[in-house]
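Trainee: quick one: sequence and predicted model below, then my questions.
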Amino acid sequence: MLPAVGLRKATEECFATATKSLGLTLHADLARPLLLVPTDSEVLTMMMWSLLLIAMGWSMACAQQSGIPTVSPEEVFRRLKDTSIVVLDVRTPAEFAEGHIPGARLIPVQELEQRLRELEPVRNKTVIAYCRSGGRSAYATQLLQRHGFKVFSMRGGILEWQRQKYPTATPQSPPRRIQ
């Protein structure tokens with residue numbers, strides 16, 4: 001568990017990162033209540049996703065302290081052709097379509113619990129989950145661990161993968177479900 005000062009700093013950093021990634025410029029003093037007032041349903045949806053990203057970012061900030069197993073993009077790249085691993089993208093279909101790790105399977109994190117049965121055929125393999133920056137995959141890793149899977153979260157997500165100039169693929173057809 002992070003100490004209160006560390007938790008506050010991590011929360012502020014996650015808030016800044018999440019809002020910046022959504023193209024928002026928000027400043028908040030987290031010592032005071034924050035009131036968000038949407039102007040329409042589209043803004044409400046964006047705000048809800050922002051709060052979810054903040055929560056997931058906080059989850060990633062605590063990943064090392066809570067025992068979430070992680071793996072580096074370098075290790076994932078070295079093991080891409082290894083048939084004993086399954087690379088699981090937990091982002092949205094739109095994010096997946098923009099570029100994903102070659103051979104990755106898509107199950108968005110918000111659907112993961114309902115679609116666990118799709119992973120039964122690969123239960124004997126090591127699952128490597130990734131997302132944009134690591135927050136959603138940290139959550140997915142915890143969920144899959146609770147259901148008995150051997151799973152790791154890729155540190156830094158697809159952003160770190162791309163920063164290191166590893167290859168990405170784009171689908172020619174809709175993403176496949178795990179079979």
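Mentor: Good, I have the coordinates. Numbering: from 1, shown residues only.
Trainee: so where's the protein uncertain?
Mentor: 1-36, 38, 43, 47, 49-66, 172-179 (pLDDT under 70).
Trainee: isn't residue 101 right next to residue 88, touching?
Mentor: No: between residue 101 and residue 88 there is no contact under C-beta atoms under 8 Å: 9.6 Å. For the C-beta atoms, the positions are set from N, CA and C on the backbone; glycine is no exception.
Trainee: who has more neighbours out of these two?
Mentor: residue 88 (27 against 24; other C-beta atoms under 10 Å).
Trainee: show me what contacts that one?
Mentor: Residue 88 makes contacts with 104, 105, 106, 107, 119, 127, 128, 129, 130, 140, as judged by C-beta atoms under 8 Å, 6 or more residues apart in numbering.
Trainee: mark which of those are part of helices, please.
Mentor: The helices, defined by DSSP state H, take in residue 140 from the contacts of residue 88.
Trainee: and residue 161, how far is that from residue 121?
Mentor: Note on residue 161: its distance to residue 121, by C-beta to C-beta, to the nearest Å, is 25 Å.
Trainee: what about those two, which has more around it?
Mentor: Between residue 161 and residue 121, residue 161 has the larger neighbour count (other C-beta under 10 Å), namely 22 against 11.
Trainee: before we move on, the earlier item: quick check: neighbours shared by residue 101 and residue 88?
Mentor: residue 130.
Trainee: buried stuff in stretch 83-98?
Mentor: 85, 86, 87, 88, 89, 90, 91, 92, 95, 96 (16 or more other C-beta atoms under 10 Å).
Trainee: between those, which is closest to residue 135?
Mentor: Within those, distances to residue 135 taken as C-beta to C-beta reach their minimum at residue 90, with 9.9 Å.
Trainee: hang on, residue 170 packs against residue 99?
Mentor: Yes: Residue 170 sits in contact with residue 99 when judged by C-beta under 8 Å, with a separation of 5.6 Å.
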